[in-house]
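Participant: have a look at this prediction, sequence included:
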Amino acid sequence: MFELLGIPPQALFGQLLLGLINGSFYAILSLGLAIIFGLLNIINFAHGAQYMLGAFFSWVLLAYFGIGYWPALIIVPIIVGAFGIVLERTMISRLYHLDHLYGLLLTFGLALIIQGLVRNQYGISGLPYAIPPQLAGGQNLGFMFLPNYRGWVVVASLVVCLATWFVIEKTRLGAYLRAATENPTLVGAFGINVPRMIMLTYGFGVALAAFAGVLAAPVYSVNPNMGADLIIVVFAVVVIGGMGSILGSIVTGFGLGIIEGLTKVFYPEASSVIIFVIMAIVLLVKPAGLFGKAA
Amino acid sequence: MSTVTQTPTAPAGQSAASTPALHIAIFLALLAAGLLAPFMLYPVFVMKVLCFALFACAFNLLLGYGGLLSFGHAAYFGGASYVAAHAAKVWGVTPEVSLLLGVLAAAALGLVIGSLAIRRQGIYFAMITLAFAQMVYFFSIQAPFTGGEDGIQSVPRGDLFGLVSLHSDMSLYFFVLAITLGGILLIYRIIHSPFGQVLKAIRENEPRAISLGYRVNRYKLAVFVLSAALAGLAGATKSMVFQLASLTDVHWSMSGEVVLMTLIGGMGTVFGPIVGATVIVTMQNYLATFGAWVTVIQGVIFVLTVLLFREGFVGVISKWIKKPL
C-alpha cells in the first residue's frame, strides 16, 4: 500500500470519514441554531439537550414500542419539535421583549432539566442502538472500508441541510421567513401571522436537532451528556461561521468536521481543541465570522 | 416585571445620603455574621459559601456592572485552583504565594480570552467565553500536572507567611473570611470608583460612551481581567479549603452555577451574589442525597428565576426600600 505523508491511507480516510460525520452533526445543529437565532433572536442552549432527546426517543420507541429506525426518523423529530413548540409558547415567548441574554439563560435552565431527568431515568452509561439491518455492512472502496451507515449519515444530513437551504432561500414561505427576520412588524402589517411563524420556526429548528439525534443514535452511544458536550463545540462553529448565512453554516459545519478529523491523524493531542483555536484565529482576523455580516 | 432595560439595575438616586451608611452597616453585619458563623455551623461548609460568594461577586462585577455575560467563568475559577494547588503541593510554596500565583494565572487567562471575546458582543460574547472555557476544560483533562480525572489531591494548606499554621479548620476559616471580605470590599470600591461609573455608562449605552471619548474596549477588557482575577482568587482559596483541585471546577456546569447564583441573588447589586451563593450552596448541601435531581432542581430554579424573578432577592428588596444595595 502507498502512504500519504507517512500516514497509512486507511487511517487517513477513516478519520476523514469520522470528521465528515462529526461535520454532519455540526452542520445540522448550527443550521438549526442559526434559523432559530434569525427569527427569535435567542441562542437555543437547549439545542444539545433536544438533540439528545432525539436519540433517546428513538431508543425508547424501539425498546418499548418496537418501532424501528425508519419510522423513528420521521416520528421523533415531530414529537420533539412539538415539545419545542410547547416550550416556545409557554416560556420562551415571554422573553422576546427582554435582552437576548435571558433567552440564553432560560434555555440553559431547560437543558439542565431535560438532561437531569433523562439521567435520573436511564443513568449515564450509554444505551446501545443497533444500526438498521438495511444499512449494516459496508463497501470496500479499495483505499478504505466505508460502513454503509456512516455513508448514509453524511448523505442524509447533506440532503436535509440543502433542503432547508432551498426552502428558506427559494420558496415563498422562506421569503416570508427572511422578511420577518429583517422586520417582523412590517411583515405582520402585511397580514402574516408572525407569532405563529416564530413558533413553527422554533419547532422546526428543534426538529432538526432531534433528526440529528436519531441519525446519531446508532453511531454514538445514547447517553444524557451526548448533547451538552457537542453543543459547546457547535457554538464555536457558529462563531466561526457567523449566523448570517444558511449555506455558510452548512459549509462551516462540514469543513470544521473534516479539519478536526485531519487533526486526529496528524496531531491527535490537539484534536479536542482545534476548533476553539480556529475560533480564536477567526476572531482575530475576521471577528464577524467567515460568513457573517459586520455588525 | 416587564422592564425593557438591558440589565435590571438598582433604582436610581445614587446620591441618597443614607446609602453609604446603609452599606457600611450591611458590611459590618456581614463581618459579625462571618465571625460568629464557624461557632454555629460546620466551618468547612461556611468556607465553601464564602468562596462561592466571592466567585459570584467577581462574576457580578462583569455581568451586573460591565453588562457582559461570560458563560465561561469556571475557566478562571478552576484554572486558578489548579495552579494554586500545584504550587502548594509540588513547589511547596506558602499559602499566600500559591494564592497569588493562582490569581496571576487567572488574570493572564482572562487577558487572553477577554481580548478575543470583547471583539464580539451580546450572545456571541457568551458563546465565545463558553467555548474558550471548554478549551481550558479539555486542556485540564490532558495536561500532565492536573492529574486528569483524579485532580490534584491532598493539597497541603501550609503555614501563612511561613508562620501561622492553617491546618486547623478554624484558623483557615478566619483567613478565608479575610480574603472573601477583602475581595468583596475591593469589588465594592471598583464599582464606586470613576472606573466603575464609566463601566455603567458603557453598559447602558455603548455608542454614547464611545462618542464621549471613552476607549470602551479597554474598559471592557480591564473589567474582564479584574473579574477573572477575583474569580481566580475564589478558586485558589477553594482548592486550599478542600485540599483538592478537580475537573468539577473547570466544567461548564460550574460556569452555569455562578450565573444562577448571581441571577437569583440579584445581578447588578452589591450584596445579591452573596445571598445567591448562600442559597445555592446551602441547597446543594441539603439536596446532596438526591443525586442527579440537584441538576433538575437547579434547572427549574433557573427557569423560574428568568421567567418570574429577574430582579433576584436583593434586587426586590432594593426596589422596596428604594435604595441601591
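Facilitator: The structure has been received and is ready for your questions.

Participant: okay, CA-based contacts and neighbour counts for the rest of this
Facilitator: Noted.

Participant: my read is A:G142 is in a strand, agree?
Facilitator: No. Using DSSP: H, G, I helix; E, B strand; the rest coil, the secondary structure at A:G142 is coil, not a strand.

Participant: that one: neighbouring residues, count only.
Facilitator: Burial of A:G142 is recorded as 8 neighbouring residues (other Cα atoms under 10 Å in any protein chain shown).

Participant: ok, now the one 3 residues further on?
Facilitator: Here the count is done by other Cα under 10 Å, and A:F145 has 14 residues near it.

Participant: where in the stretch 201-325 of chain B is pLDDT low?
Facilitator: Residues of the stretch 201-325 of chain B meeting the criterion pLDDT under 70: none.

Participant: surely B:W293 and A:G116 touch.
Facilitator: Yes. In terms of Cα atoms under 8 Å, B:W293 counts as a neighbour of A:G116; the distance is 6.4 Å.

Participant: which one of these two has more residues nearby?
Facilitator: Set B:W293 next to A:G116 and count neighbours by other Cα under 10 Å: A:G116 wins out with 23 against 17.

Participant: neighbouring contacts of the one helix or strand the more buried one maps to?
Facilitator: In the assignment (DSSP states H and E), A:G116 maps to helix A:100-122. For helix A:100-122, the external contacting residues (Cα atoms under 8 Å, 6 or more residues apart in numbering or on different chains) are A:41-50, A:92, A:95-96, A:224-225, B:69, B:122-123, B:292-293, B:295-303, B:306-307.

Participant: in CSV, list the C-alpha atoms belonging to it.
Facilitator: Extracted in CSV, the C-alpha atoms of helix A:100-122 (Å, rounded to 0.1, in the frame of the first residue of the first chain):
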residue,chain,number,x,y,z
HIS,A,100,-31.5,38.3,24.3
LEU,A,101,-29.3,37.0,27.1
TYR,A,102,-32.4,36.0,29.1
GLY,A,103,-33.3,33.6,26.3
LEU,A,104,-29.9,32.0,26.6
LEU,A,105,-30.3,31.7,30.4
LEU,A,106,-33.8,30.2,30.1
THR,A,107,-32.8,27.6,27.6
PHE,A,108,-29.8,26.8,29.7
GLY,A,109,-32.1,26.0,32.6
LEU,A,110,-34.3,23.9,30.3
ALA,A,111,-31.2,22.0,29.1
LEU,A,112,-30.3,21.2,32.7
ILE,A,113,-33.8,20.0,33.5
ILE,A,114,-34.0,17.8,30.4
GLN,A,115,-30.5,16.3,30.9
GLY,A,116,-31.2,15.8,34.6
LEU,A,117,-34.5,14.0,34.1
VAL,A,118,-33.0,11.6,31.4
ARG,A,119,-30.0,10.9,33.7
ASN,A,120,-32.3,10.1,36.6
GLN,A,121,-34.3,7.7,34.4
TYR,A,122,-31.6,6.0,32.5
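
Participant: let me see the mean pLDDT of it.
Facilitator: Averaged over helix A:100-122, pLDDT sits at 91.

Participant: what residues does chain A have near chain B?
Facilitator: In this structure, chain A approaches chain B at residues A:42-43, A:91, A:94-95, A:97-102, A:104-117, A:119-120, A:232-233, A:235-236, A:239, A:272-273, A:276, A:280, A:283-284, A:287-288, judged by Cα under 8 Å from any Cα of the partner chain.

Participant: run through the residues that contact the residue nearest the centre of chain B.
Facilitator: With distances taken as Cα atoms, centre = their mean, the residue of chain B nearest its centroid is B:F55 (1.9 Å). Shown in contact with B:F55 (Cα under 8 Å, 6+ apart): B:F77, B:L230, B:A231, B:G232, B:A234, B:G235, B:V258.

Participant: helix or strand right after the helix or strand harbouring the second one?
Facilitator: When elements are assigned from DSSP H and E, B:L230 belongs to helix B:216-242. In the C-terminal direction, the helix or strand that comes right after helix B:216-242 (DSSP H and E) is helix B:252-265.

Participant: which residues of chain A fall in helices?
Facilitator: A:9-40, A:47-65, A:69-90, A:100-122, A:148-170, A:172-182, A:184-189, A:194-216, A:226-241, A:246-266, A:274-285 (DSSP state H).

Participant: buried ones in the last one?
Facilitator: If I follow you right, that is helix A:274-285. By neighbour count on 16 or more other Cα atoms under 10 Å in any protein chain shown, the buried set for helix A:274-285 is A:I274, A:I275, A:F276, A:V277, A:I278, A:M279, A:A280, A:V282, A:L283.

Participant: reformat these as TSV; add pLDDT.
Facilitator: Converted to TSV, the buried residues of helix A:274-285 look like this (pLDDT from 0 to 100):
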residue	pLDDT
A:I274	91
A:I275	91
A:F276	91
A:V277	91
A:I278	92
A:M279	91
A:A280	90
A:V282	90
A:L283	88
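
Participant: out of the residues you listed, who's nearest A:G188?
Facilitator: A:L283 (36.0 Å; Cα to Cα).

Participant: the closest one and B:R119 touch, don't they?
Facilitator: Yes. A:L283 lies in contact with B:R119 (Cα under 8 Å); the separation is 6.9 Å.

Participant: chain A contacts on chain B?
Facilitator: B:2-7, B:69, B:116-117, B:119-120, B:122-124, B:127-128, B:130-132, B:134-135, B:138-139, B:292-293, B:295-303, B:306-307.

Participant: from these, which would you call buried?
Facilitator: The buried subset of the residues of chain B next to chain A - by 16+ other Cα under 10 Å - is B:7, B:69, B:116-117, B:119-120, B:123-124, B:127-128, B:130-132, B:134-135, B:138-139, B:292-293, B:295-303, B:306-307.

Participant: excluding covalently adjacent residues, which one is nearest to B:T278?
Facilitator: Spatially, and ignoring its direct neighbours in sequence, B:T278 is nearest to B:V49 (5.6 Å; Cα to Cα, 6 or more residues apart in numbering or on different chains).
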